[in-house]
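[1] sequence below, structure please.
(one chain, ligands or ions: 1)
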Amino acid sequence: MRLRRRHIGTGIHMNCQGDYSGPMKVLVTGGSGLVGRAIQQVIKEGEAKKGEEWIFISSKDANLMNMEETRAMFQKHRPTHVIHLAAMVGGLFKNMKYNLDFWRNNIAINDNVLQAAHEVEVVKVVSCLSTCIFPDKTTYPIDETMIHNGPPHESNFGYSYAKRMIDVQNRAYFQQYGRSYTAVIPTNVFGPHDNFSIEDGHVLPGLIHKAYIAHKEEKPLVVWGSGTPRRQFIYSLDLARLFLWVLREYPEVEPIILSVGEEDEVSIREAADAVVQALGFKGEVVYDTSKADGQFKKTASNAKLRRYLPDFTFTPFRQALKETCDWFVANYDTARK
Ligand SMILES: NC(=O)c1ccc[n+]([C@@H]2O[C@H](COP(=O)([O-])OP(=O)(O)OC[C@H]3O[C@@H](n4cnc5c(N)ncnc54)[C@H](OP(=O)(O)O)[C@@H]3O)[C@@H](O)[C@H]2O)c1
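    Numbers count the residues shown, from 1 in each chain. So this is what the prediction gives:
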């Protein structure tokens, strides 16, 4: 594969689609999760190109913390492209409890997947970071150049440092082997097939589940924290479409933030109001300020994304939330809780 490399500042820019022109065989790790299911859906709805093959794997197919199983999986499928989503994932409270597990498990998964991909000569890997890995003390909006500029929030340092190392590793695979391994940085993701666990899940699916129960039991909805922290949320189906664009066209090793604009950031209180409305909850909403708030905000800039894709349309937050709530209600018995 011939690579056109040019260095701008400290970053690594390249034409990483290289000369690969054959049909893609794409292996998606974490294919059974929130983001993986969304990619499955957009592929099913017609986003796949002629001749492409898509393989979605979960932990049942291989434990990616184990190098031999990971290697065997890559040898078996010999993909040309990889979307790497598999990770130990969780909300604030799970992160605070298990920083060591988040660090060790994710470091192992990422190292195994990237190395196994390299060994079978995968042309391109798109891995997944998160805006919650950025430095805690920072200027806003956050952009792609700031990932390593300071310690992350103490609540999730295990997950954050493990994710940051993907970026380090991608640069090293490029420098040493010319590999086109890159990463995206989504903000908070939500949608059908999320983990709706109240204890371990992210804020929005946790709120949806709590509001569902409060509605059924005619009790107040208790929101953890003050409701003042602010977040940008991205609908999993929008993220899935952006993943396909990154896989096919994004030419850099440097990561790219995938987010709605800064103006679309909402407070947890506004998010709770939207959930209440979507589920038709009529009861009282109380804020339990004895519970942690986490990072106050992590406002991310989507300027880089907008430079590449000025016309991409995000699903409006309330519409996406309504679709997610409807999915949760319709699939309550089988949803991850
Ligand atoms: N959710 C968010 O708000 C958010 C925000 C930013 C970035 N991200 C990133 O997006 C990616 C996908 O997140 P998600 O929300 O879709 O997560 P998720 O719903 O929790 O799914 C995690 C996926 O990883 C797989 N997995 C976990 N441990 C594994 C192991 N040891 N071996 C093989 N597979 C394993 C799971 O397989 P099983 O189903 O078999 O367990 C599942 O398919 C992650 O890299 C995450 O860090 C998520």
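[2] ends of stretch 175-193, how far apart?
    37 Å (C-alpha to C-alpha, to the nearest Å).
[3] next, the buried residues of that stretch.
    179-193 (16 or more other C-beta atoms under 10 Å). The C-beta positions use only the backbone N, C-alpha and C, and glycine is treated the same way.
[4] out of the residues you listed, which touch the ligand?
    186, 188, 189 (C-beta under 6 Å from any ligand atom).
[5] between those, which is closest to residue 56?
    Among these, residue 189 lies closest to residue 56 (C-beta to C-beta), at 16.8 Å.
[6] what about the lengthiest strand in the chain, distance to the chain center?
    Ranked by number of residues, the top strand in the chain under DSSP state E is strand 180-186. Here the centre of strand 180-186 is set off from its chain's centre by 10 Å, with C-alpha atoms, centre = their mean, to the nearest Å.
[7] which residues does the very next helix or strand once past that strand contact?
    Helices and strands here follow DSSP states H and E; after strand 180-186, the next one along the chain is strand 188-190. Strand 188-190 is contacted from outside by 34-35, 131-132, 202-205, 231-236, 239, 320-321, 324, using C-beta atoms under 8 Å, 6 or more residues apart in numbering.
[8] so where does the closest residue to residue 43 other than its chain neighbours fall, helix or strand?
    In this structure, residue 43 finds its nearest non-sequential neighbour in residue 54, 5.4 Å apart by C-beta to C-beta, 6 or more residues apart in numbering. Following DSSP H and E, the helix or strand that holds residue 54 is strand 53-56.
[9] do you know how far the closest residue to the ligand within the chain is from residue 156?
    Going by C-beta to the nearest ligand atom, the ligand is nearest to residue 33 of the chain, at 2.1 Å. Computed with C-beta to C-beta, to the nearest Å, the distance linking residue 33 and residue 156 is 18 Å.
[10] same check, this time on residue 60
    According to C-beta to C-beta, residue 60 stands 27 Å off from residue 156.
[11] those two: who's more crowded?
    Counted by other C-beta atoms under 10 Å, residue 60 and residue 156 do not tie: residue 156 has more neighbours, with 26 against 7.
[12] contacting residues for that one?
    Residue 156 touches 92, 95, 96, 99, 102, 132, 133, counting by C-beta under 8 Å, 6+ apart.
[13] for residue 57, same thing?
    Taking C-beta under 8 Å, 6+ apart as the contact definition, residue 57 lies against 27, 28, 29, 31, 73, 86.
[14] quick one: pLDDT of the closest residue in space to residue 194 that isn't next to it in sequence?
    The shortest distance from residue 194 to any non-neighbouring residue, by C-beta to C-beta, 6+ apart, is to residue 205 (4.1 Å). Here, the pLDDT recorded for residue 205 equals 95.
[15] so residue 205, which state does it fall into?
    Of the three states, residue 205 takes helix under DSSP: H, G, I helix; E, B strand; the rest coil.
[16] my guess is it meets residue 196, correct?
    Yes: contact criterion C-beta atoms under 8 Å: residue 205 and residue 196 qualify, at 4.4 Å.
[17] what touches both of the two?
    residue 328.
[18] so the two - more neighbours on which side?
    Comparing residue 205 with residue 196 by neighbour count (other C-beta under 10 Å), the higher total belongs to residue 205, at 27 against 23.
[19] the more buried one: what's it in contact with?
    190, 194, 195, 196, 197, 324, 328.
[20] equivalent analysis for residue 275, please.
    Contacts of residue 275 by C-beta under 8 Å, 6+ apart are 204, 207, 208, 211, 281, 321, 325.
[21] 7 Å instead?
    207, 208, 211, 321, 325 (C-beta atoms under 7 Å, 6 or more residues apart in numbering).
[22] most neighbours out of those residues, which is it?
    Neighbour-wise, the contacts of residue 275 (other C-beta under 10 Å) top out at residue 208, 28 neighbours.
[23] shouldn't that one be within a helix?
    Yes: Residue 208 sits within a helix when classified using three-state DSSP.
[24] hmm, residue 79 and residue 26 touching each other?
    Yes: Residue 26 is within contact range of residue 79, at 6.1 Å (criterion: C-beta atoms under 7 Å).
[25] shared neighbours, these two?
    Residues touching both residue 26 and residue 79 (C-beta under 7 Å, 6+ apart): residue 55.
[26] enumerate the residues of the stretch 151-300 of the chain near the ligand.
    186, 188, 189, 195, 202.
[27] how about the helices in this protein?
    Ranges of helices in the chain, per DSSP state H, are 34-42, 67-77, 92-97, 99-119, 157-177, 203-217, 236-249, 268-279, 303-308, 317-330.
[28] how about the third one, which residues are buried there?
    Applying a neighbour-count criterion of 16+ other C-beta under 10 Å, one finds 92, 93, 94, 95 buried in helix 92-97.
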